[in-house]
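K.L.:
Give me a 3D structure for the following:
(2 chains)
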Amino acid sequence: MKQTDLKPFVKQFFTKHHAQIKDEREDLLTIQLTKALDQQLMNRPFYWQYVNTMGFEGDPMTVSFAFSDQYDLHTERIHLGSPRLHQIFQIVKNEGVFATLFEQTESTDNRLDPWFVFNGYIQYQGAWLEEESVSIGILLTNGTMRFSWMDAVMDIPFNPVIPTYQFKLPIIISLEHGLEKIINELQSRIEKQSREFVKESLSLYEQELSLLNTLSHEQDEESKQFYNHSHDQIYNRLYPRIDINLINAGLFYTNRQTTQRLIDA
Amino acid sequence: MKPTIKTEHLWNSFEQAIEGNHSDWETFKQAYQLSQLPLSQQNELKALQYLPNLTLLDHQEEAVKKVLHNMHGRAILADEVGLGKTIEAGVILKELMIKGLVRRALILVPPSLLSQWESELNQTFYIPARAKHRSYPWESYEIVISSIDLAKKEPHASSLQEQSFDCVIVDEAHRLKNPKTKNFKFVQQLQSTYCLLLTATPIQNSIDDVYYLMKIVRPGLLGDRRLFHKRVNHRHDEAIQSLIRQSMVRTRKRDIETQWGERYIDTMYVDFSSDEQAFYEKLTSSETNHQLTALTYERELCSSREALYVSLQKQDEQHPMLEEIGQLPHHAKALKAIELIQSLDEPVIIFTEYKSSQVYLQWLCQQNNIRAIPYNGDFKKSKKQWMLQLFQQHGDVLITTDAGTEGLNLQYCHHMIHYDLPWNPMRLEQRIGRIHRYGQTQDINIYYLILSNTIEEHIWEVLYEKLSAFEGLIGEIDHILSSYGLSNFEDEITAIYEESRSKAEADIKINNLMSVIEYEHLEEETKDETN
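P.N.:
Below you'll find the model as predicted:
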């Protein structure tokens, strides 16, 4: 995401959340927040508690966002590092954590195939730090799996409502079972491709422990505690750790052609 | 061996996800894309894209990468004064936070730097750090800044040691070099995965200092203490150096391209008025059996009448010379300083060794319609800040003693007067570092005021003239001395004067000392060049 992408993104976010754009200039957006947005963003719980107990309407704030260096006391500067932007990112991430969506299709073959889609990332921590993004779809009728699922469907229109004259094929494999299969598949792939990482991390870990052990002949309470802390610290930093994390997941229905394309590629 | 792959939390987040509201396609795609932002390849630095207002210098970026990738987040940051250790620490902390490896951090700093750290972390790094407030327990903070003096006291110490932190940062970490102190014991018992110790002088007195700092950062790296001493005594310097390099990054000013302003140095000689000179002669010829005391009195008189007065009075309320001091005219050097300030027409910092001189100078400035702001280590935190703010907005002169100026950032100022010279030339470097530091693009002017035909001129000749001939030497003096098993420079000089029966004897000894330093420095230089 570049600095120039930020203004369209922020504008779209507020429009979508029913806030009113009061002023828009080249590098400036002035926005009248809604009550819900004020509560999410402005961090004034006491005000809203007061307003609610008294049964008042409340008066949501108006905020100006600046997207260039030209900003003053009355505007907030928005850039990739600004806490406000990350608050907005967090809201979007929370809202987009799960979806049930249907491909918009006018296909005559009116059956829609159910996919469970898992988007996540694998974090490797040990001798080095690395993350790997994964997107996997599993067809819930027969268990066929497809990697890079999201990339393949980015341009397809999906909608929360099922199109008329289309019907869903029944789900044979449950969502939970689908996720289990995906995790198993990921685990076996990780095991294969992480050998070097594990080996190197373990050797660093052991090396560091043996250094620590040169100090361990002292037996008083203080030294023991120090030894234990150091041991934990070394384990936390260097012992190879691999986490699979969820970004978002969803139940997607695609038409026959799309399904075929996803399976074939 | 098979790696352990954790998935339990995955099920939790999945269950939470499925229970919540279902989103539309656009939001789902955005959430997916936004989550890709912080992901990185092996050993790639992600923090910088979140810090658009920060440009790292080459040596800083290198240090950050080294600490994160080769030292795995535990290191001593030992760049020389003014090269941006705080910035390096900030970027490292930011990177670890972006990666989700650090959620809780404890930052221990000298009390005078508390608010500077707080504002820098918040404004430059967008890290929501807060200074510890007495009404809230430690547990309620995620990123907390505190002075080590507060943290090591009970009940705080036990409370902190029971908690575990993901990261501990200690600024001015040379305060931890003595293993017998509470400071050291306290920090050693903290639980933290990552740890950064910041100090410009990792070796202040002896090579032992680095041993104990290293013990905190990488326990066992230098072996146990007996082994370490054996190595040091056998002068396995190379081996130790390379071990230390595994966990310490140190950049010197002379190692980096100077993108900063030049340093202009102006040594100004001042003559005592005839009355003062007569009194000075009388003071030097008066009988003392103690070389060092005599020397101290002379240095005090060279600073101000008031400094000597206070010191004599402390010794003997009825001291015969007190009366005479009262009769002396205004101090010649102080008048010269006033003249200099008036000719500059820009903010100036004056360093003096004595508080009495500080007061005198302030009074004298006032008489001449110069707005002078005092500053010293005794001031409360809030008063210090207020003084600095006053100086920045309205002041002509900041008059300060050495105490409490560590870490001060006064780079908007381009003139510094050394009203009197400290024993320890390292201290001079610390002083100049206040204005000649990372970010200073303008030329700076340093003025030395020296009284002719006095001890001051003498000190200047024996201690400083030689040293200033070699660039970067001053910063190394203590390091060089320590390899000879000597303690720090100041103690050494004091000891020489104490043990010598005459000034001439002391001079010879000091001269020898200086030759040693010079010799070692030249050795190092040639070594550096051949490398």
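
K.L.:
Buried ones in the helix or strand containing A:L212, by neighbour count?
P.N.:
Taking DSSP states H and E as the criterion, A:L212 maps to helix A:195-213. Within helix A:195-213, the residues that count as buried by 16 or more other Cβ atoms under 10 Å in any protein chain shown are A:197-198, A:201-202, A:204-205, A:208-209, A:211-212. In this view, the C-beta of every residue, glycine as well, is placed from N, C-alpha and C.

K.L.:
next SSE after it?
P.N.:
Downstream of helix A:195-213, the first helix or strand assigned by DSSP H and E is helix A:221-238.

K.L.:
Briefly note if the helix or strand containing A:F14 comes near chain B.
P.N.:
Assessed by DSSP H and E, A:F14 sits inside helix A:3-16. Yes. Using Cβ under 8 Å from any Cβ of the partner chain, we find that helix A:3-16 touches chain B at A:Q3.

K.L.:
Skipping its backbone neighbours, what lies nearest the closest residue to chain B within the stretch 51-200 of chain A in space?
P.N.:
Distance from chain B to each residue of the stretch 51-200 of chain A (Cβ to the nearest Cβ) is smallest for A:G96, at 2.8 Å. Distances taken as Cβ to Cβ, 6 or more residues apart in numbering or on different chains put B:A31 closest to A:G96, at 2.8 Å, once the chain neighbours are dropped.

K.L.:
Which residues does whatever helix or strand that neighbour lives in contact?
P.N.:
Per DSSP H and E: B:A31 is located in helix B:25-36. Residues outside helix B:25-36 that contact it (Cβ atoms under 8 Å, 6 or more residues apart in numbering or on different chains) are A:1, A:89, A:92-97, A:99, A:101, A:119, A:121, A:133, A:135, A:150, A:154, A:157-160, A:247-248, A:250, B:23.

K.L.:
Same check on stretch B:224-244?
P.N.:
Stretch B:224-244 is contacted by residues A:214-215, A:217, B:207, B:210-211, B:214, B:221-223, B:483 when judged by Cβ under 8 Å, 6+ apart.

K.L.:
Could you do stretch A:116-123 as well?
P.N.:
So stretch A:116-123 is in contact with A:129-138, A:140, A:149-150, A:173, A:175, A:178-179, A:182, A:186, A:190, A:241-252, B:10, B:32, B:35, B:39, B:99-100, going by Cβ under 8 Å, 6+ apart.

K.L.:
Taking these, please make a PyMOL selection of just the buried ones.
P.N.:
To isolate in PyMOL the members of these that are buried, counting by 16+ other Cβ under 10 Å, one can use:
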select buried, (chain A and resi 129+130+131+132+134+135+136+137+138+140+149+150+173+175+178+179+182+186+190+241+242+243+244+245+246+247+248+249+250+251+252) or (chain B and resi 10+32+35+39+99)
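
K.L.:
What segments of chain A are strands?
P.N.:
Taking DSSP state E to define them, one finds strands in chain A at A:20-25, A:28-32, A:62-66, A:75-77, A:98-103, A:111-125, A:129-139, A:145-147, A:158-159, A:167-168, A:241-255.

K.L.:
can you tell me which of those strands the model trusts least?
P.N.:
Mean pLDDT per stretch puts strand A:75-77 lowest among those, at a mean of 88.

K.L.:
still on that earlier bit, quick one: work out the angle between the helix holding A:L212 and strand A:129-139.
P.N.:
140 degrees (axes from the mean of the first three to the mean of the last three Cα atoms, to 10 degrees).

K.L.:
contacting residues around helix A:195-213?
P.N.:
A:124, A:126-128, A:130, A:227, A:230-231, A:234-235, A:238-240, B:1-3, B:72, B:218-221.

K.L.:
ok, of these, which come out buried?
P.N.:
If we count by 16+ other Cβ under 10 Å, these have these buried: A:124, A:126-128, A:130, A:227, A:230-231, A:234, A:238-240, B:3, B:72, B:218-221.

K.L.:
For the stretch 1-150 of chain A, which residues are neighbours of chain B?
P.N.:
Residues of the stretch 1-150 of chain A lying near chain B (Cβ under 8 Å from any Cβ): A:1, A:3, A:79-83, A:89, A:92-101, A:119-121, A:123, A:125, A:128-133, A:135, A:150.

K.L.:
Got a PyMOL select line for the buried ones in these?
P.N.:
The PyMOL command for the buried members of the residues of the stretch 1-150 of chain A next to chain B (criterion: 16+ other Cβ under 10 Å) is given here:
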select buried, chain A and resi 79+80+81+82+89+92+93+94+95+96+97+98+99+101+119+120+121+123+125+128+129+130+131+132+135+150
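
K.L.:
Tell me the residue of chain B that sits nearest chain A?
P.N.:
For chain B, Cβ to the nearest Cβ, closest residue to chain A: B:A31, 2.8 Å.

K.L.:
returning to that earlier point: which of the buried residues of helix A:195-213 lies closest to B:K503?
P.N.:
Proximity of these to B:K503 (Cβ to Cβ) peaks at A:L211, which lies at 51.3 Å.

K.L.:
next helix or strand past the helix or strand of chain B with the lowest mean pLDDT?
P.N.:
In chain B, no helix or strand scores lower on mean pLDDT, DSSP states H and E than helix B:477-482, which sits at a mean of 60. Downstream of helix B:477-482, the first helix or strand assigned by DSSP H and E is helix B:489-499.

K.L.:
if I pick the closest residue to A:L85 other than its chain neighbours, what's in contact with it?
P.N.:
The spatial neighbour of A:L85 that comes closest, neighbours along the chain excluded (Cβ to Cβ, 6+ apart), is A:I78 at 5.4 Å. For A:I78, the contacting residues are A:6-7, A:10, A:65-67, A:84-85, by Cβ under 8 Å, 6+ apart.

K.L.:
can you check A:H229 too?
P.N.:
A:H229 makes contact with B:189-191, according to Cβ under 8 Å, 6+ apart.

K.L.:
Please apply the same query to B:V144.
P.N.:
Applying Cβ under 8 Å, 6+ apart, the residues near B:V144 are B:105-107, B:129-132, B:138.

K.L.:
residue contacts, the residue nearest to the spatial centre of chain A?
P.N.:
For chain A, the residue nearest the mean C-alpha position is A:I247 (3.3 Å; Cα atoms, centre = their mean). Neighbouring residues of A:I247 by Cβ under 8 Å, 6+ apart: A:93, A:119-121, A:133, B:31-32, B:35.
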